[in-house]
Every structure is written in C-alpha cells, then in structure tokens.
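J.: Turn this into a model:
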Amino acid sequence: MFISADRLMAQRQMHAISYGWNNFRPELLVYSDNQVNELELNEMHFLIGEERRCTGSFREQVYRPCPFNRVVEFSDQCEFCSRSLIPIRRCLFDPICDGHICGWELCSREHIVYIAFYGTFLKVGMTSAQRVRERLIEQGADAYFEVAHLPNRLKARELEKRLSSELLLPQVRHMNELIALFNRKLDVKEIESIYEELLCELKVKYNMEAGELQTLLDYPIELPLNERAVPVEVEGVHEGKIIGFKGRFALYKSNDIRVLNMPMVIGRSLTLLSL
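T.: As a prediction, this is how the structure comes out:
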C-alpha cells in the first residue's frame, strides 16, 4: 500500500521487543532512542515492517539491544541473546533432561499440566507452576483446570504428550478456530459439563485428582461480535480504532473488523503514521 511521505514520521520508528499481559491488560513494549517504553494501545496507526530482527534481552532488569541486530525467523531472539536464558534452545519446547545437563533453572522447576477451554474446544498444555494463569491469559483461554503437578519440565512434557495421544487432545489450537469463536456466545454451562466428564475420565484412567475449573472472563473485549473478524497480514499498514484484545489477538475496526496476531509483531519495526 502506498503511503505518502508526509504521513511517515521516521523519527517515530520503533522496534517492537515484547508483547504480554499484566493480568487482563495487554502490554506492548518498544525500543526507540535508547529507551524502552510501553506503547499506548487505543488506535492503530502503524506501518509494520516485514523483516524481524532480534529483540535483544533483559538481564538484571536492564534491556540490552542485540549487539548484532540479527535477522530472525523462528524466534524473537538470536542464539547469542538467548543463550544466557536458554542454554539449549530446543529444550524450550522438548526438554531433553530435568536440568542436570545444562543447569537451566526452568527445566528443574515445578511444572503444571493443564487442560484449557477455548469456547468448548479443548487443548492440553504445560507450563511453569509460577505462571499458569498468566500463560492461559496469554493464550486467550476462556477456562482451564490443572491436571497434575510435576517436579520438572521433562516430566510435564512427557505427561502432556501422553494425554494428547491417549485422550485425543490437541496441543495447539489454530488461528482460524480461535477467530471463529469471536462470533459465538460463550457457553459456560457446556464448559462445566465437559469439565465434569474429564474429571471422571482422568480419575478412572489415570487415578488423577484434577483441580477446580478456573474461568478467564475479563479480557478487554465485548463478545460475541456482530460481524465476522478477518485476519490480516502482519506487515503493512494498520489503521482503525481498537475494539479489544484476547490472547494473542488485537481486533480493530477499519472497513471491517480486522485481527492482528500480536506476537508476530515482535521483532519488527513500527512506524507511527500521522493522522
């Protein structure tokens, strides 16, 4: 899309370095002019770049830009910037030990295996016991319950894969499935019914005493929507009034309701456009 030069404000170009949630409040951090700032998210007036570059690292609460400004594809960080936090990068998804090989603290930490609800869609997952609720908010879940506490990341991953295979529970939910739920009214009663069935199945098959059902209903968005939401490419121009956030998605109103996958913004340049 063509953008006239007078609308581009080069001095306001920023590097998106982090997107997350503080309880039910989304936060987008950007780096510009040697400072890290939180970008206000009320309206979209951005030109988002195509290339993704390493987001650097936070060490001892101090932000350090990537010294090499490396292009990245499958991660927010290059190997140099991530190595102090993730000694063996594959272990982030499939740990190879309980932490005794590289001494990575995350691998030896207590983990939770959970089952999450997106509407009445299910997903099994695992995460550190220190951030279960935070993780489920990041994912945009409507409810969840803890299946089991495991002593380390490896044991949690093994149980996650076992439950996925034996109970036919997916480990991921695809973008189009989740976007379609924006037009459906949340059926809490049906979620509660499915939860009760799962409690019984886990008790009978695995002798597991799962936790209570926890609901996550305070996302800053009014649902269901009265029109279909359309996913858009990340790179390019985004302009319109933001109507809400849920999990990884920002929704804004242009000619239609558009959905931007916010984690894919991270690492890219953001240029604020003049009004």
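
J.: Show me the shaky parts of the stretch 51-200 of the chain.
T.: Low-confidence regions of the stretch 51-200 of the chain, defined by pLDDT under 70, span residues 84-92, 96-101, 103-104.

J.: so who does the closest residue to residue 244 other than its chain neighbours touch?
T.: Spatially, and ignoring its direct neighbours in sequence, residue 244 is nearest to residue 221 (2.5 Å; Cβ to Cβ, 6 or more residues apart in numbering). (Glycine included, C-beta is placed from N, CA and C.) For residue 221, the contacting residues are 243-246, 251, by Cβ atoms under 8 Å, 6 or more residues apart in numbering.

J.: Of the residues you listed, just say which sits nearest to residue 79.
T.: Nearest to residue 79, judged by Cβ to Cβ, of those is residue 245 at 31.0 Å.

J.: Got phi/psi on that closest one?
T.: phi -130, psi 140 (degrees, to the nearest 10).

J.: can you count the residues close to the nearest residue to residue 70 once chain neighbours are set aside?
T.: Once flanking residues are discounted, residue 70 sits nearest to residue 78: 4.1 Å by Cβ to Cβ, 6+ apart. By other Cβ atoms under 10 Å, the residues close to residue 78 number 20.

J.: ok, residue 128 to residue 153 distance?
T.: Using Cβ to Cβ, to the nearest Å, residue 128 is found at 8 Å from residue 153.

J.: Just the strands from the stretch 101-250 of the chain, written as ranges.
T.: Using DSSP state E, counting those that start in this stretch, the strands of the stretch 101-250 of the chain run over residues 111-118, 121-128, 143-150, 214-215, 229-231, 236-246, 249-253.

J.: and the second one, how far from the chain's centre?
T.: So that's strand 121-128. The chain centre lies 13 Å from the centre of strand 121-128; the measure is Cα atoms, centre = their mean, to the nearest Å.

J.: So what touches that strand?
T.: In contact with strand 121-128 (Cβ under 8 Å, 6+ apart) are residues 106, 109-116, 135, 139, 141, 147, 150, 153, 156-157, 159-160, 163-164, 167, 169-173, 177, 181, 194.

J.: Please consider this matter closed, and thank you.
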